[in-house]
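**Student:** Return atomic coordinates for the entry below.
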Amino acid sequence: DAKVRLQQQVVAMLRAGGKDDTSLTWDRIESDERLWSELGSYDLRTKERRSHLNKVAFPDANASAVDAALGAGNNLNALYDLARGRASVDRDAAGQFLSGKKGLKINRSR
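**Tutor:** Numbers count the residues shown, from 1 in each chain. Below is the predicted model of the structure:
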């Protein structure tokens, strides 16, 4: 899915720029007309969505689960809840993450 690929790309760019330089990274992203346009087409340019992407890039909690869910294609809202520690990824008896319809099974009842 193109939106998932774009989220993964932006998170990778944010991480490469470092946590202390997210505003500089966003300035670089804005200067890339094609990338900025693509972000707009998926409603990822708003301040709130940019904040969500920042949190996914640098999570407060569940870092390995966030990375796994990002790679599996979960949506940004679920990733954001996971990164804030307000959700968890369901696991099987062996401790492996469980897959859902689109990405990993995320339990938001936390």
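
**Student:** Now stretch 64-77: average pLDDT?
**Tutor:** Stretch 64-77 shows an average pLDDT of 96 in the prediction.

**Student:** I misspoke; the intended subject was stretch 32-41.
**Tutor:** Rounded mean pLDDT across stretch 32-41 is 97.

**Student:** in it, what's buried?
**Tutor:** For stretch 32-41, the buried set under the neighbour-count rule, 16 or more other C-beta atoms under 10 Å, comprises 35, 38, 39. All C-beta spots, glycine's among them, are computed from the backbone N, C-alpha and C.

**Student:** Show me how far stretch 5-25 is from its chain's centre.
**Tutor:** Chain-centre distance of stretch 5-25: 10 Å, with C-alpha atoms, centre = their mean, to the nearest Å.

**Student:** If you could redo that for stretch 17-37, that was the one I meant.
**Tutor:** 15 Å.

**Student:** what's the single longest helix in this protein?
**Tutor:** Using DSSP state H to define each element, the chain has its longest helix at helix 2-17.
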